[in-house]
Each structure stands twice: as structure tokens, then as C-alpha cells.
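Peer 1: below is the sequence, then the predicted model.
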Amino acid sequence: MENNRNIILAIVLSMIVLFGWQFFVAGPQMERAQQQAQIAAEQQAAADAALATPTTPATAGEAAATPAAATGQTFATRDEAIAATSRVSINTEDLEGSINLTGARIDDLRLKQYRETVDPESPIITLLTPAGVANSYFAEEGWVPVSGNQIAVPTAQTVWAVEGGNAALTATTPVTLVWDNGAGLTFRRTISVDEHYLFTIKQTIENQTGGDVALYPYARVIRYNTPHVANFFIQHEGPHGVLGSNNLVSKKYADLQKEGQATYENTSGWLGFSDKYWATAVMPPAGTALNARFSWANTAGYDDYQTSYVETAPLVVAAGATAERESYLFAGAKEEAVITAYQNQYGFDRIELLIDWGWLSFITKPMYYLLTFLNGIIGNFGLAVLAVTVIVKAIFFPLANRSYASMAAMRRVQPEMKSIQERLKDDRPAQQQAMMELYKKEKINPLSGCWPILIQIPVFFALYTVIFISLDMRHAPFFGWIQDLAAPDPTNIFTLFGLIPWTPTALPVIGSFLHLGVWPVIMGITMWVQMKLNPPPPDPTQAMIFNWMPIIFTFMLGTFPAGLVIYWAWNNTLSVTQQYFIMKRHGAEVNLFGNIMDSFKRKPKAAEPTKS
């Protein structure tokens, strides 16, 4: 009887546990899973709708195959495209342009503080361009209904009205656009801009439909045709963004063409396009969950690149209520101080990575700060580069001293080393043992000359990176004919510095090697002199490599920015001076002038073997 009672009690308790688990745990978990699956499906539908191409392609018969505007029109020029629609002007200290009332797009933007060339009368930089012309590039915000709803939302064809009579966007006067869908929803878009490059877009929805409405906010940047990029390994140009735990995501245009699209779900951050000196990026408030996508399509012969996001949580507007959602657009120059201020003020996730500081950012950024600090004192960015090189040389002087001292000691015992090699040339183990004993006797570490040089490589590479990517270097003058440190030396020895009226760089195949200015030649000479500090190596192959290396580097750097070439030439000059005095101080014979003169002497011909 006792056993039966225990069995019945166990069964009852088991049933209580089973049904309790089902009611309190398993049931709610299943319900949440179904809700999450429904939300995921709705978000995917929203993302697909948001990423649909908003414009139609030009007809196949048109030579340029440019994308059409929202109305299907194409235009011969950018000015014609701007004139074809009603607009709200943008005018700040740094920006000018307009907002297209068709689609409420920011698609006309120019940077007032930067010009295309060093000529002060040259056109200012154009960043954004409307659809319908070649190289269209614009940003837009919008709404996507929850899957299955047939809510009329504003599209790329929607014509908005200006509310309040303000038809000019400035740093102190925002603009509000309004559109009524005729079915109980009124959409407003208030656009403001700061004194630099950050637009704040506050979207509000007034719901008079009698029921709740849920919409997903989205934003995207669209770029038609593949822009010219330098494809240089130290700087990324193309689609990129910081996407939460995915960290920095960088895509090359060519890679995106192969992939078609790349989607990052349930993440956060920002994304857009980056050029060498300019960038455009869309972002919600910091920490907002979103689904992000990089995409490419080819329609009628033109490339359509998009970076876009859809927020994962819809905005629910109750009946009779008004709700709003805010987002941001960065469109402008990659000025380090401005971007850092945005990161600190708004908390944008690592937006400082709009500037590609590279893998050595922990060295590159301090180097940049030092360079700009010295430029503020000296007033010439080229002289600041020279000053930074001197400072770096001074910091590493103890290491260089040790390196050159080791080289001097090695040179001092060179006769003994040759004697050992000759005496034990048939016994390699004994030769190595004798060498080690010689090093120990003379207190020489053969590796000590290498490590200091290796340690300096990251520092000089960081300086090299800063000079290459720095916006401060662009159109910064040096002296004489160098009026733009970010551009190649404009002189060319193959035209006798302009005396011969021809363009050798236009020649096929070899043309790219036929731009050789004065500073690349100076750099090559300093590199050649540095190599002449040491006697030529006995091995003919090594000697030939040493002789040709300065010539190869001279032609390689012929099209590099002048700032880089000047830095390299100055660094070589300092290295020659430093090495000469350190080696002389350690008793090594340095016959620099003799080595240089030997290079111009005709080598005697080898005696021909006598015939037997």
C-alpha cells in the first residue's frame, strides 16, 4: 500500500512538473520563437524593399548608359539634373548645394573649402550628384511598411512640400518637409546641418488612420558607376563601415561586384563610401540595432553600388499620436578633428575609422598629431615633415649608434674574416666556429646591426602612411615649384622641364615610367650616395642589385606624391650624415668620396685565357 501511494505521488508530481514546465517555460519560449521568426521575416522583407533600386536605367541606345532620375529622365549635365526638380538650397561655411524635393534626397553637395586643383579659381569639390547623370551619388532616408501592410509611404518619386516657408538650409535654420499620403498619415522630415558635415534627419509620422501603424526606418547611400581609386595598399577606398561585433568592414568595388551583396543582420554602427579625402556615411543614433547591407547590381551597363541599413525594431505609431525617429548623414571632408568631435559628441561607434589609419594606427595617429602640431608652429607642412624626420632620427639615435658601431666593428675585422674564410674554405663547421670565436674576442654581435633598423621600420612606415593619406597635405605648398605636396613633382626631365612641348606619359606601355621630376632624381642620388658609404660587395650579382636599386626606386617614386619623395630624400640625407660620423667615431675607414669615384672608373677587362 505504501509503495502504491509513493508511485501515485511520484506520478502526480511528475505531471505537475511536466505541465508546469510546458505552461511556464516551453510555451512562452515557443511563442517568443514564433514572434522572433515573424519579426525576422518582416525585417527581411523590409530590407529587400529598402534595397530595391529607386531609379530606372537609361535606354540601351544611349551611349553613356547613365541612370535615370526618379521620373525616368536622363540629363546631359549635372546642372540640368539639378534644374529639373524643385529644391531647397544648402548653404553653410563648409557646404553648398540643395535638397531634392522629389524623394527628399540630399543629392547635390559641394565642399566650399576644397578645390579641384591648386588654382584658387578652380571649381570647388563636388561630392554628391543627382540621379540621371553620370556618376550619380546621393543619400536618402525612408520608411518600409511591416510585411503584409499596404501603407502608402513616401518613395523616390514622392514630391515633398516645404513647411514653414523656410527654403534654405543653413547651420542655424533647419528645413522641414511634409507629405500627406491621403490615407491618414502625415510624414514630416526635419533636416538640420551643423557648421561642418553632419546632417541630422528627424522623421515624424502623424497617425490619423484610426489604428496603430508600424514602419521600419531605413537609410542608404547610392553610387552609380565605379569611381577612380588609387588602389594603394595603405589606404582603403570604397564601401565600408563599422558594424558592431563585425568591426570594420571594408569592401573593394571589384570584390563587391563578385559578391553581389553582403548582409550583416542584428548589428549596429554606420556604413557608407570612402574616397581618399572625402566620405559619405549614414547612421542611426549610437547603439541602435540594425540590419546592414552592401550591394551591387549592373543594369543596362552601369554599376549600382549601395550601402544601406534597416532598423530591426519598427516605429509603432498609435492611433491619434505622433512618433519620431532620428538618423544622421555624414557627407564631407575627412578632417580628423571634426570626425573625432562627432565621435565624442554623438557616440558614433569608431567613426574615426572613416580615415584609414592602417594596422599601425597606434603609431600613425600620434605621428599625425605631431606633424600637424609642428605645421601649426612652422607654418609649412613640408618643413613639418622634415622636422618630424629629424625628431624620429633623434629618438632612435642610440639604436642607430649601436647599429653603425656594429657595422664599423665588422668592417674593422674584415681582413681577419677573409683570412678565416680562405684558410678554412673546405671546412664549413670549423670556419663558423672560428668566426664565432672572432666575434667573441672582438665583442661583436653580428645581429646588433639589424635589430635597431628593423625596430625603426614601423615608425617610418607610419610617417609614410600619414603623408600619403593626410588631407592636410593636399594642396599644401612647399617651396619653389612644389605647390601641392600630395601631387607628384610637376617637373619632368623627359621634357627638359617644359622646354620640349610633348607629353611622354601618353606613350603606350612605357608612358607611366616617363614622368621623372627633380625631387625623385634628388631622392635617387641620395639613395645612391648612401649605398656608396660601403665598398661594393664582392659578389657580382649583389653589386649589380646595389647599383640598379637607386635607379629603380627613382622611377618608381616618379609618380608618388611630392611630400613622400621629399621625405625619402631628406631621410636618406640624414642617414648618410649620421652613418658617416658614427662610423668615423668608431674608427672605421669611410672612403665615401673614393667609393663614389670608383663608380665612374672603367672596370678592367678580365684577361682572356691563353690558347694551348
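Peer 2: Right, received. Where do you want to start?
Peer 1: tell me the buried residues in the strand or helix carrying Val316?
Peer 2: Assigned by DSSP states H and E, Val316 falls within strand 315-317. Buried residues in strand 315-317, counted by 16 or more other C-beta atoms under 10 Å: 315, 317. No exception for glycine: its C-beta is placed from N, CA and C like everyone else's.
Peer 1: kindly report the same for stretch 190-207.
Peer 2: Buried residues in stretch 190-207 (16+ other C-beta under 10 Å): 190-194, 196-199, 201, 203-207.
Peer 1: go on, stretch 173-186?
Peer 2: Per 16+ other C-beta under 10 Å, stretch 173-186 contains these buried residues: 174-179, 184-185.
Peer 1: cool, stretch 369-378 as well?
Peer 2: Residues of stretch 369-378 classed as buried: 370-372, 374-375 (neighbour count, 16+ other C-beta under 10 Å).
Peer 1: keep only those of the residues you listed that are in helices.
Peer 2: 370-372, 374-375 (DSSP state H).
Peer 1: give me the mean pLDDT for stretch 255-264.
Peer 2: Averaging pLDDT along stretch 255-264 gives 92.
Peer 1: list the buried residues of that stretch.
Peer 2: Quick answer for stretch 255-264 (16+ other C-beta under 10 Å): 256, 262, 264.
Peer 1: and the ones in helices among the buried residues of stretch 369-378, which is closest to Leu386?
Peer 2: Proximity of these to Leu386 (C-beta to C-beta) peaks at Leu374, which lies at 9.4 Å.
Peer 1: quick one, grab the pLDDT at Thr176.
Peer 2: With respect to pLDDT, Thr176 has a value of 95.
Peer 1: sorry, wrong one. I was asking about Trp21.
Peer 2: Per-residue confidence (pLDDT) for Trp21: 44.
Peer 1: let's see stretch 520-531 as CSV, backbone CA atoms only.
Peer 2: Output in CSV follows, covering the C-alpha atoms of stretch 520-531 (Å, rounded to 0.1, in the frame of the first residue of the first chain):
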residue,chain,number,x,y,z
PRO,A,520,62.6,62.0,-57.5
VAL,A,521,66.1,62.5,-59.1
ILE,A,522,67.4,64.1,-55.9
MET,A,523,65.9,61.1,-53.9
GLY,A,524,67.7,58.7,-56.2
ILE,A,525,71.0,60.5,-55.8
THR,A,526,70.8,60.5,-52.0
MET,A,527,69.9,56.8,-52.0
TRP,A,528,72.9,56.1,-54.3
VAL,A,529,75.3,58.1,-52.1
GLN,A,530,74.0,56.2,-49.0
MET,A,531,74.9,52.9,-50.7
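Peer 1: where does the stretch 351-500 of the chain have low pLDDT?
Peer 2: Scanning the stretch 351-500 of the chain for pLDDT under 70 picks out 404, 407-408, 411, 443, 445-453.
Peer 1: can you show me the helices along it?
Peer 2: Ranges of helices in the stretch 351-500 of the chain, per DSSP state H, counting those that start in this stretch, are 361-378, 381-395, 397-412, 414-423, 428-442, 451-469.
Peer 1: which residues does Asn207 contact?
Peer 2: 184-185, 213, 317-323 (C-beta atoms under 8 Å, 6 or more residues apart in numbering).
Peer 1: just give me the closest of the buried residues of stretch 369-378 to Leu329.
Peer 2: For the buried residues of stretch 369-378, the nearest to Leu329 is Thr372 (26.7 Å; C-beta to C-beta).
Peer 1: any idea how far Glu336 is from the closest one?
Peer 2: Per C-beta to C-beta, to the nearest Å, Thr372 is found 8 Å from Glu336.
Peer 1: tell me what the helix or strand containing Trp143 is packed against?
Peer 2: Taking DSSP H and E as the definition, Trp143 sits inside strand 137-145. On a contact count with 3 or more C-beta pairs under 8 Å, 6 or more residues apart in numbering; DSSP states H and E, strand 137-145 meets helix 27-50, strand 105-115, strand 124-128, strand 198-207, strand 213-224, strand 278-283, strand 322-333.
Peer 1: at 6 Å instead, please
Peer 2: helix 27-50, strand 105-115, strand 213-224 (3 or more C-beta pairs under 6 Å, 6 or more residues apart in numbering; DSSP states H and E).
Peer 1: relative to strand 105-115, how tilted is it?
Peer 2: Calculated by axes from the mean of the first three to the mean of the last three C-alpha atoms, to 10 degrees, strand 137-145 forms an angle of 150 degrees with strand 105-115.
Peer 1: mind listing what Leu485 touches?
Peer 2: The contact partners of Leu485, taken as C-beta atoms under 6 Å, 6 or more residues apart in numbering, are 381-382, 473, 476, 478, 562-563.
Peer 1: and the residues you listed, which two are furthest apart?
Peer 2: Applying C-beta to C-beta across the contacts of Leu485, the maximum distance is between Phe381 and Ala562, 11.0 Å.
Peer 1: and these two? Which one has more around it.
Peer 2: Using other C-beta atoms under 10 Å, the more surrounded residue of Phe381 and Ala562 is Ala562, with 28 against 23.
Peer 1: ok, that one touching Ala486?
Peer 2: No - counting by C-beta atoms under 6 Å, Ala562 stays clear of Ala486, with 7.8 Å between them.
Peer 1: check Ala131 and give its pLDDT.
Peer 2: 90.
Peer 1: what lies in contact with stretch 333-345?
Peer 2: With C-beta under 6 Å, 6+ apart, stretch 333-345 has contacts from 111, 196, 198, 277-279, 351-352, 354-355, 471.
Peer 1: ok, stretch 87-96 next?
Peer 2: Looking at what lies outside stretch 87-96 - C-beta under 6 Å, 6+ apart - the contacts are 97-100, 110, 112-113, 167-171, 175, 195-196.
Peer 1: list buried residues within these.
Peer 2: 97-100, 110, 169-171, 175, 196.
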